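**Q** Please work out how this folds:
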Amino acid sequence: MADAAEKPTLPSAVPPSGEATALLPAGEVPSIAPLARALAAPAAAPAPELPPLAAGTAVDAMRDEEIARTRLFIRMGWLLSLFGISTVFVIDAPRALAITFVTGVVLGMIVSFGFDRTFADPRNYTPRKLLILAAICIINGHLAVLLYGAYSAAPILIVIGIHFVARTEAERIARGIFASAVACYAVIAAAIASGAIADPGVFASDRPIGPGVFAVGALFVLATFWLAYYTARQFRAASLAAIDDLQRATRLASQRAAMMDELLGDLERALRAGPGRHSDQVVGEFQLGAVLGRGAMGEVYDARHAVTGAPAAVKLLRSGLAGDPAQRVRFARELAAGRAIDSPHVVRILGGSAEPAGAPPYLAMERLHGHTLAEQLRREPRLPAAALRALVRQIGAAIDAAAAAGVVHRDVKPTNLFRCDDGTPAGTWKILDFGIARIAAEPAPDERGVIGTPHYMAPEQALGRPADTRADLHALGAIAYRCATGRHPYDAADPAALLYAIVHRMPVRPGALAELPSDFDRLCAIALAKAPDERFASGAALARALDAALDGALDPATRARADALIRRRPWEALR
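**A** Okay, the predicted model is just below:
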């Protein structure tokens, strides 16, 4: 740890106010524990097959809107078609033209019905299908022009169709349909104006009209075609810009909220420092100094070995808890878990006892110089790629070492990850605080409720179910998401909603929050998978996949695995 002048941060259970470490007893937080039981049933059912489409970018959002708008346009077209067919029986139209019109409209309704059913799955919405649908509309629209009159209100139908199609993301199709509509109408108008054919429309004027008047009327109609096309493209551009601005503002707000969580934690720890009731006392082999932090279970003191003078950090169980057998068992478990793991990336235990004579239970740890990940994220909401690679590689190795020792941390989060300033470019990352760890060799502890920190816990923890190493790997995946995007994977107004989201929803696609390779989205889909079996099997595997994902070079098998997960459970839309 740092000297006092260096504003030390301790390997202690001192959670920030916005990131509560939880062994949340069922009777203490009624909104969470009952929820865990209520969530268990729906979580057991398989997720429905859903399209892999989520409004992650402005273009994605516009595409979602376009698909919904297309299906609405199709259904409105059915009503107009039925109305048009009904008018044939009451107007005096040429028989051949009326039959052609009705035939075209009926065929158009049949084809569009198939498209409406097909577009229910957004993956089936393609530019080619849109082109076919638009071409049918243009043809039937000009049949209506011939039936009702080239200079009647019939061209309004084509104006509406152009305005609809021109908002598509497929700009070439929009231009092609616009040009086709202009060409078709121009041919009809030119034929009528030149006298090559008489206007067959039922609303055609009986008055003699010169070619100049016809030309002016045709130009007016064509001008409305152009206006419909131009305004639609402008509306699309304005909508894209507005959505993009909103997403940038949302990303900034999310990053600031995450930073505020870390800042509040730092402030709380600073306020807790100072002299303590055990300062200047000797506990075990250690002389205690000032209190450097206070947590739910105890206090952490600056300390030195009474004989050698070697620096240490000593954690004492609170006096009010020292008489509770369950709390002493938990304290002993933390001591045993720390001693069981042999890794340079886990805080080293120097000594301790859950049953010391005449003193509270204590745990002595190595003194570290540096800062927690939470403090670093407060200064910079996102980590550079190189720093993220080092973090995940080292913490992944620590999780693997813990797994080899039969230890599950169950509370991997930024405040429990410490970067030691040891002179290396990336520093050395260590996991702190095994206060709620589970040791496989010991009997299962009698714990009720939800254990962990909500923002980083795995779905099985949110459900109050037993957790293994894959829960720690899920937490590391959530931390990678947080470090890459500047935002927690899940945010909610209350703990119940947050736990529900962890169990049943996916976060926003990472690439919608920051400039990241699409392979990073795939990495997070696996790392944050709801079922433990669907996640990475080890910290080393997660670290290797992260390196490849940041380079945009995931192997085909991992990509296919991730894409299958995304199809089953798509990313949430960015709000």
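**Q** Identify the bridge partners of the spatially most central residue of the chain.
**A** Here the mean C-alpha position of the chain is nearest to the C-alpha of Val508 (CA atoms, centre = their mean), at a distance of 1.6 Å. When assigned by DSSP bridges, Val508 has beta-bridge partners Glu572.
**Q** Next one: it from Ala514, what distance?
**A** Separation of Val508 from Ala514 (CB to CB, to the nearest Å): 11 Å. Any C-beta I mention is one placed from the backbone N, CA and C, and that applies to glycine too.
**Q** and if you look at Ala390?
**A** Computed as CB to CB, the Ala390 to Ala514 distance reads 19 Å.
**Q** Also Phe434?
**A** Distance from Phe434 to Ala514, counting by CB to CB: 32 Å.
**Q** more neighbours, those two?
**A** For Phe434 versus Ala514, neighbours defined as other CB atoms under 10 Å are more numerous around Phe434 (29 against 15).
**Q** now that one, nearest residue through space, not along the chain?
**A** Ala337 (4.0 Å; CB to CB, 6 or more residues apart in numbering).
**Q** ok, and what's touching stretch 196-207?
**A** 91-94, 97, 145-152, 154, 190-192 (CB atoms under 8 Å, 6 or more residues apart in numbering).
**Q** May I see the PyMOL selection of the buried members of these?
**A** Restricted to buried positions by 16 or more other CB atoms under 10 Å, the PyMOL selection for the contacts of stretch 196-207 reads:
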select buried, resi 93+97+145+146+147+148+149+150+151+152+154+192
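**Q** Filter the contacts of stretch 196-207 down to the ones in helices?
**A** Taking DSSP state H, the ones among the contacts of stretch 196-207 that sit in helices are 97, 145-148, 190-192.
**Q** List just the nearest of those residues to Asp400.
**A** Val145 (71.9 Å; CB to CB).
**Q** Next, the contact list for the residue nearest to that closest one when sequence neighbours are not counted, please.
**A** Nearest residue to Val145, sequence neighbours excluded (CB to CB, 6+ apart): Ala154, at 4.7 Å. Counting by CB under 8 Å, 6+ apart, Ala154 touches 141, 144-145, 147-148, 201.
**Q** Ala548: which of the residues you listed is nearest?
**A** Among the contacts of Ala154, and counting by CB to CB, the member closest to Ala548 is Gly141, at 51.5 Å.
**Q** can you pull the contacts of the closest one?
**A** Residues in contact with Gly141 (CB under 8 Å, 6+ apart) are 154-155, 157-158, 161, 181.
**Q** rerun at 7 Å
**A** 157-158, 161 (CB atoms under 7 Å, 6 or more residues apart in numbering).
**Q** Buried residues of the helix or strand hosting it, list them for me.
**A** Gly141 is located in helix 127-148, with elements delineated by DSSP states H and E. By neighbour count on 16+ other CB under 10 Å, the buried set for helix 127-148 is 130-131, 133-134, 136-138, 140-148.
**Q** where exactly do the strands run in the protein?
**A** 22-24, 282-283, 286-294, 298-305, 311-317, 349-353, 362-366, 370-372, 407-408, 417-420, 428-431, 438-439, 450-452 (DSSP state E).
**Q** With adjacent residues omitted, what lies nearest to Arg339?
**A** Ile349 (5.1 Å).
**Q** Flag the shaky bits of the stretch 451-575 of the chain, pLDDT-wise.
**A** Where the stretch 451-575 of the chain drops to pLDDT under 70, the residues are 575.
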